[in-house]
Structure formats: C-alpha cells, structure tokens
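**Student:** missing the sequence, but the structure's below:
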C-alpha cells in the first residue's frame, strides 16, 4: 500500500459502516488496538544529523527496518533516539520514501553505495519512482558490465589440468596464452592475407600470350595459382577441423557466424574440384568463386575493431531498418513524381517508374552520375527537392549508429586498459601491502609474544609491548585461530622460499606419497595425516605433504610444504573440522608453510605441523 | 493535361517552400503567434484552506490532536486541500485491489460531498468522519441511509439499492469463493427490502430504516465496531 493512502485507512474503515445495514452476517471482531495510537515524534540520529518524523510515518512500511521493531536494536537509551551510523545524505532519500511514498535516486550518488543503503534499510530498489527509474537502471547496468569485465580478466588464469581439447580451445580463443597459439594465429593470418591477395591478383591482366590478347594472370599461370589456392584451402580446412574438434559444444560452434564464414570460404574449392568435368555448370562454378572473397572476413578473428563494427551493426539493426524503410518510401515517391514530370519530354530516359528508381537513388545519395537528368522545368524542380531531402533522410539515423559504435568502442577500450597488466598488478600490489601491514604486525607481535612465552613475562608486560588495545585484541583473535587449527601464520617470503625448495626437491606428483625427510617426529600426526590424505585426494587436486621435522639441534627448520589444492571448497571443508585437535594433528588444508621460529623458542618436542591458511596465501591460492 | 498539371504542382510546391523560408526569417509573421500561451495562465491548482482548528473542534467531536493528525494525513495525500472524485476513487481503490471499487467510491464521494461541489474539502471529510466514528447510532444510521439514497430524495428505491449492492459486490472481484453470481446483488436487495420495507410500498424511508435497524441486534453491534479507529 502506498504511503499516503495508509493515512486514509482509518477513513476507509469508518466508511465501512455503510455496509453494516445491508450485511447478512455478523461482522468479525475488530483487531485490538495496541495500547494507544502513538502520535509522537521520533528522532533518528544518522551520523550526527538528526532527522525527526512522526512514528506513524515510519510505520507505513512495516517490512522495512525503520517500520518494524528492528529499529529497536539501534535505540540509544541515554539520548532517547535511534542512532544509525550511515551516510546522512543517502538517508534523506530513504526518509523521503517514508514521507511521500516515492523513492528517488539522486543522480550524483554512486550506485553501489545507494544499493547498499537500500539493502540496509530493507527497501526494495524496484519501487524507485518512474522519474528516476531509468537512470537507476542504466547506471546499474553500466556498473554490472564494468564488474563483469573485471571478473573476466581474473579468469584468465589458467586452471591446471585441462584436457588436450580444452587447451586447444583456449589456445584458439586467446592467442596470447601460449607460444604455439600465437604461432598458429599468425600463420593463419598470413595465409588469409595470401589467399585474398591471390584472388585479387588472379584477375589482373598480365602480359601477352602469343596471339596478342591480354589475359589475366590467373589464366597465364594456372598451375601456380592452383597450387597456392590448394595450400591455403588445406590450411583453412585443417584449422576448421581443429576448431571443430576442440569446441566444447560442437553444435553451437557449427552454428556460430565465424564457422559459417570458414565453411563458405573453403567450400568453393571443393565444389570446384568435383565439378571441373561438367561443362554446363562451369558458369555457376565461376560465380562460386565470388564466395572466395569471404575469406577476408576470417580476419575478424584477428581484428577486434572489425568485430566491434560487426557487433555495432547488429545492435543498430533497428536504426538501419528504419533508414532503409524511409529511403524506400522516399525513392518510390520521388521516382513516381519524376516519371510523370518527365513523361512529356522527348527522348527522356525516364522510361518507367522502376527506371526512375535509379535516378532517385543516385540523386538522393548525392552521387549524381549524370546518366539520367531531367529536362523539363517541373522535373528539375522536383529533382532538386529530391536531392535536398535525400541528404536529410540519410543524415537522421546516422548519429544513432555512430553513438552506438562509439559507446561500444569505448567500452572495449576501457576493458583493454584495465587488462593492461601494469594497472592490475599495481592495484593488487597496493592491496597486498595494506593487508600485509596487518598480518606483519601480527607476526611481529607474535614473535615478540613467543619470546614472551618463553621468558614468561607477566600479563602487563606483554600488553605493554603491543601497540594498542584494538590491535592486541585483534592479535589475540588471530592467535586463537592459530591454536584452533594448529597452524600458524607466516609471511610471504618464507612461503615462497619453502615452495621453491620443496618444488626442487620433490616433483609434485599425483601420488599421495608421504615422503618423509630425516625422520619423522610425532608419528601420531603423520599417521593421522595419512589417514586424512586419501579423502582429500578425492576432494581436490593432489595434496602432497611432507611432514616437518623439528630438530632442536639444528638451528634451522625444514620447511614443509603442502601443495596447494586450489579449490576453496576444500579449504572450507577442512578448516571446519576442529575435531581431532588433541594431539595437535593438523588437518591438511591448503597452503601450508612452516613458521621460521627462532630455534631457542621451539616450544616442545612434538611435531607440530605448523601450517595455516594465511591471508596472503589465500590470495595466492586463487592466483595459482 | 498531365504535363501542365505537373508544372502547376511544381509551382505550388515552390511557393510553399518560399513561405516556409520566409516564416523562418520572421518576415512574414503569421497571425497565430499571439494566442499561443494564454491558456496556460489559468491556475492549474486551486488551493483551499480549511477553517480554523477551533471552528472544526466545535463542529465535530474530535479532539484537537485528532484533528491535527487527520489533517496531516489529508494534506499529505491532497496538497491542494481538495479531493476531487478521481483522486478519491484512486485512493479508495487501493484498499480493494482485487475488485473494482470505483462505483462504490462514487457513492461514497457523494455521501461526503454534502454541498455537491464536486470536491471534498477537509471540513466535509472531517465532519463525515465525526459522524461515523463519534456519532450516535442514530446519526450513523442516518448517514448510511444518506449513502443509499442516491438522489437524496428521502426514499431508497429498489433500483438505488441494487446499484449500491452491485457496487459492493464489484469490490469483491472475480476470485471469490463461492463465486459471485450475476443475480447475487439482486437476491441480496430482495432480502434487504423484505426486512426493511414495512409497508411494502417498494421504497424504504428513513424512519422505516432506522426502526428496523434498531430492532436488529447484529446491525446495532456492528455499528459500534469502529469506535477506536482514530
């Protein structure tokens, strides 16, 4: 129910008295009125800006945050107001919705933040009023496209273990993924060019044959051209078959535009092979050669601009249709008029209305060949009107097409810019640094903390070492997590180091071999890990584990690695099993690094497989 | 004379083009330039201010606070201070989404618009509500009778009642259980007249109406139903 009419509900109920005398049945009991009608002001404090409204205003929409009892969670007893820690500017729109029943979208706001506010206050964005709805939808669509582009970039990372077929398909679609693909790409491009040039040169008159007639090169050097043609067609055929083989959905591939172009490009050759004996159809065969020119469209795989052009034309189909329709109308009108105007003049070329079509088209497009000109005065007048109107009719739909093209082209440019590695890398680097700030602080304090444990500092001293209460609480939390999973956090360098080392030592194979190095201390853990190992194997990729050895004597640590099972689901699966923690056995999850604990402070002798899902490593997992 | 005909047409076209061009230059002022925008000057919004709060307190049985609250709701929906019939129908229809409430709203509008001015002012609104919510049972019955009496002649005929009944059934819409038959309103009217029309003269007068209703327990009880709406 709209807001305003909620105020009229009492009226509607009162008016129901009109039904009472005619009613046959007794009326139901009225719903009990809650204590008293609260006609009171309530204060909403949004980040310091106070808004006041009647309580009834907010009650109009009981399924939103402000209209329901959910707002009681935000009630501040001391100041007797409802405090929301949100953006006060956006709150204006929200409150106006309650007041007027219409939700408006302020144009200068970011669409994402607006959506968040609406989601927070429990308001459906669909009820945005007609005045602002289009703008909202447009902005939302733009944003979604932008996000989609970003996500597509991230998906460029190669998932491991693709079948041969998938690899091939990927190579075809993205030539820059591997060298072979790039070579293939250039080779096909080269052959397309050769083929097109051959077709063109074939028709050039090329020297004289003894009987003084100029013949085109194709006739003179038949064999050479035939060989060239054969070579190109073979390459194209092979390429087509390979694409067909690699396509994930062969049926869809065969229906796609590019494959149809491929087929049309190579078919004339095969038909020509079949048909050379038959003299009657050789005329048709010559016509078929025209289709060879379609090979040039194969370039669209190599040129993004061409693809954009094609896409633009497709998306402007309605404008083009309109252009065509209006031109047709104008042509018919003017052709008729010209015909009748020129009917009287002698030796007029305007022999019929269809004959006048040619004149009209040539004039309207301002070509003006001059093979047909009007001679009478009326004809000249109408002819000039025709050429003036031609300019107008053609000029109208063109800006629409141009703006479409421009929009799509700019979108693509934006996507390319973002795809440029530098930007992405820089951004990721910045994010990583800020994250590392937190975790390195934690690691730093942890090292200090471990020191403290050994040295058995008191609580206060330990606290004094940490920088702030908030930080120490945060660190405590991370510490708890470590204890829970019996893994520990380390920083990136050590992880990379250990990964490289382990990589060199053990070739990561699919076999779940537990190669131990220099003795395994803590057999219980390794046994447990062995048990857990097989299910993990089924869950995701190869998990390869090396138990850690802790030797007190050596100052250094063997670094254990567990190769990453990249699926996040396994990470969640594993971390959620806190069950067997008694003997500090590890649940093998994903990125596991050992901590470079200083030798002095190794706590106890048990093999403590210290691994932990680190923040950075979570990031790295996806990168791998 | 086809050829000369074409020439004539050509000359006419040329003259027409000249006219268009001259008009652009402003050399030839057409006569229609003056009268373009006068129509817009009349006020699109007629504004009405209600009588003072004190007067309304005298005329109705509402407290000051209640009047304030009522006015705020009223003004929110109708900023100009007047409700015309279309707006009234729209508002009322929103309470009955399944059916068609426009006919009944029309009758209701006429019941509220006592001076037949074509629009309801706040005073009419609040006076009507006062009767409905704070009036005595007799006053309410009188109001209901006024609603049924479409031509306000003091008698409720079968046709008037049928119109009212049909409009009430219209509000139910099509998806009801059991479905509304075409003669349901008619049957209902028959029953009503059997009950109300004492002297069987085919019309119901106000006295018959009030007398019958006062004898009927359920009607009396239902009249008290909406005491606490405000």
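**Tutor:** Good, I have the coordinates. Please read all numbers here as calculations on a predicted model, not as lab measurements. Residues are numbered from 1 along each chain as shown, chains lettered A, B, ... in the order given.
**Student:** Tell me the buried residues in the helix or strand harbouring residue A:401?
**Tutor:** For residue A:401, the element it lies in under DSSP states H and E is helix A:398-419. Buried residues in helix A:398-419, counted by 16 or more other Cβ atoms under 10 Å in any protein chain shown: A:401, A:404-405, A:408-409, A:412, A:415. Placement of C-beta: from N, CA and C, glycine included.
**Student:** Identify, from the residues you listed, the entry nearest to residue A:41.
**Tutor:** Comparing those against residue A:41 with Cβ to Cβ places residue A:415 closest, at 51.7 Å.
**Student:** From what I see, residue A:390 and residue A:363 are in contact.
**Tutor:** Yes: if you go by Cβ atoms under 8 Å, residue A:390 and residue A:363 touch, sitting 6.3 Å apart.
**Student:** So these two - more neighbours on which side?
**Tutor:** residue A:363 (25 against 22; other Cβ atoms under 10 Å in any protein chain shown).
**Student:** re earlier: could you export the buried residues of helix A:398-419 as a markdown table, including distance to residue A:225 and pLDDT?
**Tutor:** Compiled in a markdown table, those are given as follows (distance: Cβ to Cβ, whole Å; pLDDT from 0 to 100):
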| residue | distance to residue A:225 | pLDDT |
| --- | --- | --- |
| A:401 | 39 | 81 |
| A:404 | 41 | 82 |
| A:405 | 38 | 82 |
| A:408 | 39 | 81 |
| A:409 | 38 | 81 |
| A:412 | 38 | 78 |
| A:415 | 42 | 73 |
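**Student:** Poorly predicted segments of chain B, please.
**Tutor:** B:1-3, B:27-45, B:177, B:228-230 (pLDDT under 70).
**Student:** if you set the cut-off to 90 instead, what comes out?
**Tutor:** By pLDDT under 90, the weakly predicted segments of chain B are B:1-11, B:13-14, B:17-102, B:104-105, B:108-230.
**Student:** ok and the residue in it nearest chain A?
**Tutor:** Nearest to chain A in chain B, going by Cβ to the nearest Cβ, is residue B:73, at a distance of 3.0 Å.
**Student:** Can you pull the phi/psi pair for that residue?
**Tutor:** Dihedral pair for residue B:73: phi -60, psi -40, per degrees, to the nearest 10.
**Student:** How many residues are close by it?
**Tutor:** As a burial measure, residue B:73 scores 20 neighbours (other Cβ under 10 Å).
**Student:** That one against residue A:8, yeah?
**Tutor:** Yes: applying Cβ under 8 Å, one finds residue B:73 in contact with residue A:8, separated by 6.7 Å.
**Student:** could you point out which element follows the helix or strand harbouring residue A:92?
**Tutor:** In the assignment (DSSP H and E), residue A:92 maps to helix A:88-100. Later in the chain than helix A:88-100, the nearest helix or strand by DSSP H and E is helix A:111-120.
**Student:** could you give the mean pLDDT of that following helix?
**Tutor:** In this model, helix A:111-120 has a mean pLDDT of 91.
**Student:** before we move on, what about stretch A:348-355?
**Tutor:** Mean pLDDT, computed over stretch A:348-355, is 90.
**Student:** is any part of it close to chain B?
**Tutor:** No: taking Cβ under 8 Å from any Cβ of the partner chain as the criterion, stretch A:348-355 and chain B are apart, separated by no less than 11.6 Å.
**Student:** who touches that stretch?
**Tutor:** Residues outside stretch A:348-355 that contact it (Cβ atoms under 8 Å, 6 or more residues apart in numbering or on different chains): A:335-336, A:338-339, A:342-343, A:356, A:359, A:371-375, A:379.
**Student:** Could you find the lowest-pLDDT member of the residues you listed?
**Tutor:** Lowest confidence among the contacts of stretch A:348-355: residue A:343, with 87.
**Student:** just the strands in the chain please.
**Tutor:** All of this refers to chain A. Per DSSP state E, chain A carries strands over the ranges A:41-46, A:49-54, A:75-76, A:81-84, A:205-209, A:213-216.
**Student:** Hmm, no, I was thinking of chain B.
**Tutor:** Here chain B has its strands, by DSSP E, at B:82-84, B:119-121, B:155-157, B:203-205.
**Student:** can you put these in CSV and add mean neighbour count?
**Tutor:** Shown next, in CSV, are these (neighbours: other Cβ atoms under 10 Å in any protein chain shown):
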stretch, mean neighbour count
strand B:82-84, 19
strand B:119-121, 21
strand B:155-157, 20
strand B:203-205, 21
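**Student:** Throw those into JSON lines and include distance to chain A, thanks.
**Tutor:** What follows is those, written out as JSON lines (distance: least, Cβ to the nearest Cβ, whole Å):
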{"stretch": "strand B:82-84", "distance to chain A": "10"}
{"stretch": "strand B:119-121", "distance to chain A": "11"}
{"stretch": "strand B:155-157", "distance to chain A": "10"}
{"stretch": "strand B:203-205", "distance to chain A": "10"}
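**Student:** could you dump the ones you listed to JSON lines with distance to residue A:125?
**Tutor:** Below are those laid out as JSON lines (distance: least, Cβ to Cβ, whole Å):
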{"stretch": "strand B:82-84", "distance to residue A:125": "31"}
{"stretch": "strand B:119-121", "distance to residue A:125": "35"}
{"stretch": "strand B:155-157", "distance to residue A:125": "51"}
{"stretch": "strand B:203-205", "distance to residue A:125": "54"}
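**Student:** related to what we said a few turns ago, counting contacts, what elements does the helix holding residue A:92 pack onto?
**Tutor:** helix A:3-6, strand A:41-46, strand A:49-54, helix A:55-59, helix A:111-120 (3 or more Cβ pairs under 8 Å, 6 or more residues apart in numbering or on different chains; DSSP states H and E).
**Student:** Make JSON lines from these and add distance to residue A:351 and mean neighbour count to it.
**Tutor:** Formatted as JSON lines, these follow (distance: least, Cβ to Cβ, whole Å; neighbours: other Cβ atoms under 10 Å in any protein chain shown):
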{"stretch": "helix A:3-6", "distance to residue A:351": "72", "mean neighbour count": "20"}
{"stretch": "strand A:41-46", "distance to residue A:351": "81", "mean neighbour count": "17"}
{"stretch": "strand A:49-54", "distance to residue A:351": "81", "mean neighbour count": "14"}
{"stretch": "helix A:55-59", "distance to residue A:351": "79", "mean neighbour count": "17"}
{"stretch": "helix A:111-120", "distance to residue A:351": "63", "mean neighbour count": "16"}
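**Student:** wait, which of these is closest to chain B?
**Tutor:** Taking Cβ to the nearest Cβ, helix A:3-6 is the member of those nearest to chain B, at 4.0 Å.
**Student:** Packing partners of the top helix by length along chain B?
**Tutor:** Using DSSP state H, we find that the single longest helix of chain B is helix B:2-25. Under the contact criterion of 3+ Cβ pairs under 8 Å, 6+ apart, helix B:2-25 touches helix A:317-342, helix A:377-395.
**Student:** Now that we have these, can you turn them into JSON lines and tack on distance to chain B?
**Tutor:** Listed next are the helices and strands packed on helix B:2-25 as JSON lines, based on distance: least, Cβ to the nearest Cβ, whole Å:
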{"stretch": "helix A:317-342", "distance to chain B": "5"}
{"stretch": "helix A:377-395", "distance to chain B": "4"}
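**Student:** quick one: which of these is nearest residue A:436?
**Tutor:** Short answer: helix A:317-342, nearest of the helices and strands packed on helix B:2-25 by Cβ to Cβ, at 51.7 Å.
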